[in-house]
Structure formats: C-alpha cells, structure tokens
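Engineer: got a structure for you, letters missing:
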C-alpha cells in the first residue's frame, strides 16, 4: 500500500466507480444490542427539527427524488443520520448510519469514490500518510442542490 | 454536502473512525510463531505486540478492517440503557484512531496500555463542525 496523501491526479478529477456486489448493511448491533428497539427509538425521534439536509438527487436508479437527512443524537458525541426519500406521496427510510463528532483529524487526499447502488452513499479511498484507507463518507450526501 | 470537495480530489483534514463489530483485549499475548531460518538469531516471534491494519474484504464491501494496536485512551458513552466504548488506539500507519464499540461486543476489560484487536468498518467525514439542524 502506497501512494499517500501527497500525490495528485493530473486531471484533478476523482474517478467515481459503482460498488459491485453487496455493500454491507447498517449493522446497528454494533451500536445497540436490540436492533428493533434501537430503530424504533431512532425513527421515533425523526422530525422537522432535526433536518440537516433537504435535497433532490438521483436515488437507486429511480431518477431524481426528494431526500431529507435527519440527525438523531444518542449522546453528545454520537448521532444517527437518518435519510428518508419521498417517492410520490410515500416517505420511506432510505438508509441510516452513525456519525461520530470526534476523532483525530488526518490530512487526506481523496483518490477514488465508490458509489453504492442506492446512489446517496459512497466509500472513499483516501491517501493517509503512506497508506490508503477506504471509509464510508458520512458527509457525502450525493446532492446537486438544496431545496 | 461534500460532493464537490470529494470529486475534486481535494487535500483536506478528515476525521476517520471505526465502528467496531467486536473488540478483543490482548488476543495474541501468548501467540508465538516459529522461525525456521538458520540466519535468524531467534527461533520464535511473539505476536503479542504486533500492530496491523488489514482490509477485511468480501465482495463489494470496501471499508471493513481488522486492526490490532495499543490502547491510548478509553471513554464510555451512553446509548439508551447501554454503553458504547470509545477506544483510542495509536495505529501504524494511520496515527490515532477512535474505535466505537458496544460494551456487549467487547471481550475482556479494556485498559490503557492493553493491546486490542477490533473488526469493524471505517467511517469518516471532512470536518466542518457539527451539521446544523433547526434544533
């Protein structure tokens, strides 16, 4: 593993690839033992008060859809981002994932973007020091504009 | 929200952490491998202090890793009626890395100075403060 954070692609544009195969699930058992109880708690706290993003963007190869992102706080350092999609008159849970408000800051260079089939989630391949790390980008809402 | 910054290949400061499926304390303390080479001055290597970061790939999954490192700090965060451990390790080559893992998924008592092995997925974001909501 090499390449690091110091190199820059000549084009200055990061390639976007579609994830092949199955991306992993939410795995909320990593956060709380009883997943059903946890999801009931989180979904029950979704409201207009905790919207952090409303946008219209491509979703799961269904064309542009209205997307609303909510933040449900679990404690002062950890939240769950809940992303809902409006399909016609229906409002559906699109995805949800933990967001941590801490962590050591590292200088990274974004090298590749791997788009999940849902189109609003991506993995990033980033040069960190002398290695490359792939991470799920919690701040990457595949947006074209705010509403 | 960070779409254009990501696609531009920007060099930026990012926070990267691990959400752990599980964590074990001192998993390789008593594990040794034999060295069968005449030129080596020793015949056994201990894995107790080995520091590794290995991708844990299976098909389309791109962000799962196994990491073994030494603990630099431990905090406990409440989640409903359970606890999340925030275990900070110092990793070669990544530097400091926070691992979030439910207490029920931890084998052993985690203390500063212990070696730990964690399996989980990496998450991250380009810092810019906490995202604004109406409340």
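Structural biologist: Done, it's in. Computed from a predicted structure; not experimentally measured.

Engineer: what's around residue 19, how many residues?
Structural biologist: I'll assume chain A. 18 (other Cβ atoms under 10 Å in any protein chain shown). Glycine gets a C-beta too; all of them are placed from N, C-alpha and C.

Engineer: could you do chain B instead?
Structural biologist: Residue B:19: 25 neighbours (other Cβ under 10 Å).

Engineer: got the contact list for residue A:68?
Structural biologist: Residues near residue A:68 by Cβ atoms under 8 Å, 6 or more residues apart in numbering or on different chains: A:51, A:53, A:54, A:83, A:84, A:85, A:86.

Engineer: quick check, it in a helix?
Structural biologist: No - going by DSSP: H, G, I helix; E, B strand; the rest coil, the assignment for residue A:68 is strand, not a helix.

Engineer: so what sits opposite it in the bridge?
Structural biologist: Counting by DSSP bridges, residue A:68 forms beta bridges with residue A:54, residue A:84.

Engineer: can you tell me how far it is from residue A:74?
Structural biologist: Taking Cβ to Cβ, to the nearest Å as the criterion, residue A:68 is separated from residue A:74 by 20 Å.

Engineer: now do residue B:11
Structural biologist: Distance from residue B:11 to residue A:74, by Cβ to Cβ: 32 Å.

Engineer: and those two? Which one has more around it.
Structural biologist: For residue B:11 and residue A:74, the more surrounded residue by other Cβ under 10 Å is residue A:74, and the numbers stand at 21 against 16.

Engineer: for that one, what are phi and psi?
Structural biologist: Phi and psi for residue A:74, reported as degrees, to the nearest 10, are phi -100, psi -40.

Engineer: okay, now the nearest residue to it once chain neighbours are set aside: neighbour count?
Structural biologist: In space, and not counting its chain neighbours, residue A:74 is closest to residue B:79: 4.9 Å by Cβ to Cβ, 6 or more residues apart in numbering or on different chains. By other Cβ under 10 Å, the residues close to residue B:79 number 20.

Engineer: which strand residues bridge residue B:79?
Structural biologist: Counting by DSSP bridges, residue B:79 is bridged to residue B:82.

Engineer: I'd guessed it sits against residue A:76; true?
Structural biologist: No - here residue B:79 lies out of contact with residue A:76, judged by Cβ atoms under 8 Å, at a distance of 11.8 Å.

Engineer: all helices for chain B, in order.
Structural biologist: Taking DSSP state H, the helices of chain B run over residues B:3-7.

Engineer: pLDDT-wise, which helix or strand of it ranks last?
Structural biologist: Within chain B, confidence by mean pLDDT, DSSP states H and E is lowest for helix B:3-7 among all helices and strands, at a mean of 76.

Engineer: since that was my last question, I'll sign off now.
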